[in-house]
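S.K.: quick one, what's the 3D model for this:
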Amino acid sequence: MKTKIALLLTALCALSSTAFAEKARMNENQKIQIVDPWIQPTTNENALLFGKIANSSPQSDELIAVATNSSVRNELHAPEVDNSITHIKIVSFIPIPPHGNAVLAPNGHRIMLKQINRPLSPGDSVEVTFTFKNAGNVQYLVPVRSR
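M.R.: Next up, the predicted model:
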């Protein structure tokens, strides 16, 4: 009996190691990475998504859309300075330079999740699909947390 349990545990460890290695290979081959993404908690209809988009490709890319399992629609935002006052405007894309980053931050580029279908509390997660002009879809499970 102990031998069967030991064999079963060994098999499970091997399978999980293989799955982890496959996931790591997938991430290594992905030219776009979403680094430390997070969504602010809210009981409101809207929430903001922050983080960093890292591009390891020699080609620039653009974030052109975002879809989630928790919001009806979403907007890409960028800061705009007018007469020394910064306003946030809706944009059709967020540029990501070659071998560079785009930072999603409260006073910079950011993603607005609109018409949220449930309260978002710290500890929750939201399935997010980021769509890029060149890299296509990149999916992440984004945690809800305070700054």
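S.K.: residue 46 touches residue 110, doesn't it?
M.R.: No - using CB atoms under 8 Å, residue 46 makes no contact with residue 110, being 11.3 Å away. C-beta: built from backbone N, CA, C; applies to glycine.
S.K.: okay, the two: which has more neighbours?
M.R.: Neighbour count, other CB atoms under 10 Å: between residue 46 and residue 110, residue 110 has more, with 21 against 14.
S.K.: at which residues are the strands of this protein located?
M.R.: Along the chain, the stretches classed as strands by DSSP state E are 32-39, 47-55, 61-68, 71-82, 85-91, 94-96, 101-104, 110-116, 125-132, 136-143.
S.K.: tell me which of those is the most buried.
M.R.: The highest average neighbour count among these, using mean count of other CB atoms under 10 Å, belongs to strand 94-96 at a mean of 22.
S.K.: what's it packed up against?
M.R.: Using 3 or more CB pairs under 8 Å, 6 or more residues apart in numbering; DSSP states H and E as the contact definition, the elements that strand 94-96 packs against are strand 47-55, strand 61-68, strand 101-104.
S.K.: which elements pack onto the shortest one?
M.R.: Contacting strand 101-104 under the criterion 3+ CB pairs under 8 Å, 6+ apart are the following elements: strand 47-55, strand 94-96.
S.K.: now do 10 Å
M.R.: The helices and strands touching strand 101-104, judged by 3 or more CB pairs under 10 Å, 6 or more residues apart in numbering; DSSP states H and E, are strand 32-39, strand 47-55, strand 61-68, strand 71-82, strand 94-96, strand 110-116.
S.K.: and residue 103, which of those strands is closest to it?
M.R.: The closest of those to residue 103 is strand 47-55. By CB to CB, the value is 5.3 Å.
S.K.: what are the pairing partners of the closest one, and which direction each?
M.R.: Using DSSP bridges, strand 47-55 pairs in its sheet with strand 32-39 (antiparallel), strand 101-104 (antiparallel), strand 110-116 (antiparallel).
S.K.: how about those in CSV, adding distance to residue 63?
M.R.: Below are those laid out as CSV (distance: least, CB to CB, whole Å):
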stretch, distance to residue 63
strand 32-39, 9
strand 101-104, 7
strand 110-116, 8
